[in-house]
Structure formats: structure tokens, C-alpha cells
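Undergrad: Here is my input; please provide its structure:
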Amino acid sequence: LQMAAAMVIIGVVITYMTPFLDKEPYHTSILSGHAWVQELVNRHPDWIKNELGMIKYVFHAFVQELQACMCYELG
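TA: Numbering: from 1, shown residues only. The predicted structure is shown next:
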């Protein structure tokens, strides 16, 4: 009975730990900088949300706001 309980516990631990130890790469893009951002903007909508924490519409509004601030400071 103890051996059976030990086997069940081992099975539960292996099942629980497998996702933490056997990970698939998440960030697989070879791009960086501007090219990476363009990939996010032009690909699946979930990508930009997952990577930057905002939907595409909000990202574009954010970029416009930053550009307006830069023009104000440089002007």
C-alpha cells in the first residue's frame, strides 16, 4: 500500500512539474528594434497585446502622443 501511494505521489509531482521544466521557447523572433515592433503591429493582434500590454489601436495612439510631445519639445 505504501508503494502504491508513493507511486501516485510521484505521478502527481511529475504531472505538476512537467510544464515548468519542459518549456517551449516563447520569444522566437530573430528581429529586434523597429523591425520587431513592425512584426508585432502587422501580425496577429494578440501578439502586440501579449508583448506590449496594449491593443494595436492604443499603441498607435501612444506613438502619436509621443511624437506630439517630441515635436513640442523640439519646436
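Undergrad: For Phe20, give its distance to Glu39.
TA: Distance, Phe20 to Glu39, using C-beta to C-beta, to the nearest Å: 28 Å. The C-beta positions use only the backbone N, C-alpha and C, and glycine is treated the same way.
Undergrad: more neighbours, these two?
TA: Glu39 (16 against 7; other C-beta atoms under 10 Å).
Undergrad: name the element the more buried one belongs to?
TA: Using DSSP states H and E, the element containing Glu39 is helix 33-42.
Undergrad: Restrict that helix to CA atoms and write it as PDB.
TA: This file holds the C-alpha atoms of helix 33-42, laid out as PDB (Å, rounded to 0.1, in the frame of the first residue of the first chain):
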ATOM      1  CA  GLY A  33      14.100  47.200 -32.600                       C
ATOM      2  CA  HIS A  34      11.900  48.800 -35.300                       C
ATOM      3  CA  ALA A  35      11.600  45.500 -37.200                       C
ATOM      4  CA  TRP A  36      10.300  43.700 -34.100                       C
ATOM      5  CA  VAL A  37       7.700  46.400 -33.500                       C
ATOM      6  CA  GLN A  38       6.600  46.200 -37.100                       C
ATOM      7  CA  GLU A  39       6.200  42.500 -36.800                       C
ATOM      8  CA  LEU A  40       4.000  42.900 -33.800                       C
ATOM      9  CA  VAL A  41       1.900  45.600 -35.500                       C
ATOM     10  CA  ASN A  42       1.400  43.700 -38.700                       C
END
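Undergrad: For whichever helix or strand comes after it, give me every contacting residue.
TA: Using DSSP H and E, the helix or strand that follows helix 33-42 in sequence is helix 45-52. Under the criterion C-beta atoms under 8 Å, 6 or more residues apart in numbering, residues Glu39, Leu40, Val41, Met54, Ile55, Lys56, Phe59 lie in contact with helix 45-52.
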